[in-house]
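1. pasting a predicted model and its sequence here:
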Amino acid sequence: MPSSSDPKSVKVNLTTGTGVDIEWNDNHKSHYSFPFLRDACPCAMCDDERKKSGREFGQPQKSVAALPMFKATAKPLTADAVGKYAIKFHWNDGHELGIYSWRFLRDVCPCEECKAESAVKATTSDPK
């Protein structure tokens, strides 16, 4: 039986550059912008950098460049299936280490409903 973290449909909008749209088996719909996905890269290198800087998945890095508006917007050059469990991107900045599993994508869904649910879980599981 498919779980709620299995996609019913996945649309990667490379041409338009708008991001990834997933409809999950429980009919929940998620939209991930490409900049969000790049900033949420689950690879060990990006995860380590996020932990050191205190960023959350999908939260952009603080710019140290004098003119951050000249930084190219994150966009994948290609998107490839990884078995039946994930998707992998080759980004325009040359990065291609992250494997985005369906479970991971469902867990970091940026929609308001999922953000609110995560906030409730965080406050109810806080041992303070």
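-> Looks like it arrived, so ask away.
2. just the element for the residue nearest the centre of the chain, please.
-> By Cα atoms, centre = their mean, the chain has its centre lying nearest to residue 37, at 3.4 Å. Using DSSP states H and E, residue 37 falls within helix 34-39.
3. list the helices and strands that helix packs on?
-> strand 19-24, strand 86-91 (3 or more Cβ pairs under 8 Å, 6 or more residues apart in numbering; DSSP states H and E). Where you see a C-beta, it was placed from the backbone N, CA and C, and this is true even at glycine.
4. if we go to 10 Å?
-> Judged by 3 or more Cβ pairs under 10 Å, 6 or more residues apart in numbering; DSSP states H and E, the packing partners of helix 34-39 are strand 19-24, helix 44-53, strand 76-82, strand 86-91.
5. so which bits of the longest one are buried?
-> So that's helix 44-53. 46, 50 (16 or more other Cβ atoms under 10 Å).
6. residue 85: neighbour count?
-> Neighbour count for residue 85, taken as other Cβ atoms under 10 Å: 14.
7. if I look at the nearest residue to it once chain neighbours are set aside, how far off is residue 81?
-> Excluding the flanking residues, the one nearest residue 85 by Cβ to Cβ, 6 or more residues apart in numbering is residue 101, at 5.5 Å. Residue 101 is 12 Å from residue 81, where distance means Cβ to Cβ, to the nearest Å.
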